[in-house]
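Enquirer: sequence below, structure please.
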Amino acid sequence: MACRINPSLNLERVKEAASIMLGTHDFAAFCATPKSHDDKKKQDTRNSICSINDISMVTDESPVFPNLVTCMVSVTGDRFLYKMVRFLVGSLVEVGKGTLALSDIETALANGNFDHASIPFCAPAKGLVLTNVTYKEELCWVR
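Expert: Purely as a prediction, here's the structure:
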């Protein structure tokens, strides 16, 4: 995922927040509410428990623009809710900017929702890229 963030981020706090998100949690707080009929088809309302196996970040300084640092975030998990990765990345950005506390992330994962005062930022979809989908071998297609 790629998006432009003007203030500099505290990458150590971002990494702390990412480590809190690892594991199996109720990610309902990181799921968007569908607005249209087509969006409602995308949401699995039965279960918001997901496992995040890895969140990695790679930063790189631009050779052309001296003050520009890019940060690529990769998220690996067993499944994702509607707009979940965008809310995860947005929350990481807010933690890095200092506008969202690590305790807010912990509380959201424990309760399945955010306090209204700390609703996370949804990162734009422009930089979101799906790179790989892996299925278990015993997967059987049903018609």
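
Enquirer: from here on, just use CA atoms for contacts and neighbour counts.
Expert: Fine.

Enquirer: identify the residues contacting the closest residue in space to residue 29 that isn't next to it in sequence.
Expert: Nearest non-adjacent residue to residue 29, counting by CA to CA, 6 or more residues apart in numbering: residue 113, 4.1 Å away. Shown in contact with residue 113 (CA atoms under 8 Å, 6 or more residues apart in numbering): 28-30, 107.

Enquirer: ok, the spatially most central residue of the chain - contacts?
Expert: The centroid of the chain falls nearest to residue 88 when counting by CA atoms, centre = their mean (2.0 Å). For residue 88, the contacting residues are 30, 122, by CA under 8 Å, 6+ apart.

Enquirer: now do it against residue 64, distance only.
Expert: Here the criterion is CA to CA, to the nearest Å. By it, residue 88 lies 29 Å from residue 64.

Enquirer: buried residues, stretch 67-85. List them.
Expert: Neighbour-count burial for stretch 67-85, counted by 16 or more other CA atoms under 10 Å, picks out 71, 73-76, 80-85.

Enquirer: buried sites along the longest strand along the chain?
Expert: Assignment by DSSP state E gives strand 49-61 as the longest strand of the chain. Of all the residues in strand 49-61, those buried under the rule 16+ other CA under 10 Å are 49-52, 55.

Enquirer: and it, what other elements does it pack with?
Expert: helix 11-21, strand 23-26, strand 69-77 (3 or more CA pairs under 8 Å, 6 or more residues apart in numbering; DSSP states H and E).

Enquirer: which strands or helices does the shortest one pack on?
Expert: Secondary structure elements in contact with strand 23-26, counted by 3+ CA pairs under 8 Å, 6+ apart, are strand 49-61, helix 102-111.

Enquirer: what is the rounded mean pLDDT of it?
Expert: Strand 23-26 shows a mean pLDDT of 94.

Enquirer: run through who's touching it.
Expert: 48-53, 109-112.

Enquirer: fine by me, we can end here.
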